[in-house]
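>>> here you go, sequence then predicted model.
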Amino acid sequence: MAISVTEILGTDSLSGSRLVINDNFNVLASEINSMEVYFSPSAGTITNLNNLSSEALRVGLSTILLDINASTFDILTNVKMTGNLNMTGAGVFRNDTNPQTLNDTFAAGSPIPVGGSTAIPPYTMNRVGNSTASPIAITLYSGSIGQEIFFICTEGSGDVNITGFNSNMVLPGGTGTTITLDAIGESVHLLAVDNGSGVAVWFIVGGTGYVIS
């Protein structure tokens with residue numbers, strides 16, 4: 001709330017206004033002490049607020065981690081949840097698609113790596129395709145436990161062979177090692193599951209038209 005102090009005019013005696021000056025300082029000191037219950041200038045922190053109202057909120061200095069304003073709510077870093085996530089509004093929209101199609105003209109060549117020995121696969125949705133008579137290979141590296149990944153054939157009719165790195169893919173039947181997509185519309189959906197020792201291995205949880213060999 002607004003505070004007020006007594007104005008001292010230029011015609012007032014300075015010595016005669018001593019009590020007014022002291023009262024003004026006491027008012028200001030009291031208000032500053034009240035604010036410092038919540039603000040700590042030395043620590044650079046704000047605590048104990050009952051309510052905070054703002055048009056926008058940004059967390060992060062050189063790297064923005066959270067940006068909330070009138071039109072967006074952007075979380076720009078990893079989120080770790082220890083409780084439940086209950087959604088009562090609209091659905092969940094996944095727009096985490098690899099901007100490049102993993103196909104016979106892919107710059108990395110065959111076998112095409114998805115992820116790496118020190119990096120989990122970066123995209124959830126991966127478009128694949130092959131317009132040649134020669135199969136192309138995709139190597140799927142280990143993901144993080146609970147991670148999902150989709151491969152969807154969007155072009156061509158040649159074989160796209162997906163294999164796991166270091167036997168990190170468990171396929172139905174227990175003998176196959178390769179998932180093949182060879183027609184537009186075919187897909188496979190995999191989930192990284194804890195193998196019981198804290199290691200993520202890929203299991204098929206959905207898809208259509210794929211072949212295991």
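Sure, I can see it. Worth saying up front: this structure is predicted, and the values here are computed from it rather than measured.

>>> tell me how far the residue nearest to the spatial centre of the chain lies from Tyr141.
Closest residue to the average C-alpha location of the chain: Asn78 at 4.3 Å, with C-alpha atoms, centre = their mean. Asn78 is 19 Å from Tyr141, where distance means C-beta to C-beta, to the nearest Å. Every residue, glycine included, has its C-beta placed from N, CA and C.

>>> with Gly158 instead?
Per C-beta to C-beta, Gly158 is found 23 Å from Tyr141.

>>> what of Thr178?
Note on Thr178: its distance to Tyr141, by C-beta to C-beta, is 15 Å.

>>> and this structure, what are its domain boundaries?
Here the domain assignment for the chain is 18-75, 112-212, based on automatic domain parsing.

>>> now, of those, which is deepest in the fold?
Ranked by mean neighbour count, those are led by domain 112-212 with a mean of 17 (mean count of other C-beta atoms under 10 Å).

>>> what about that domain, average pLDDT?
The average of the pLDDT scores along domain 112-212 is 96.

>>> ends of it, what's the gap?
Length of domain 112-212, first residue to last, C-alpha to C-alpha, to the nearest Å: 19 Å.

>>> chain center to it: distance?
Domain 112-212 sits 22 Å away from the centroid of its parent chain (C-alpha atoms, centre = their mean, to the nearest Å).

>>> equivalent analysis for stretch 48-60, please.
Distance of stretch 48-60 from its chain centroid, counting by C-alpha atoms, centre = their mean, is 21 Å.
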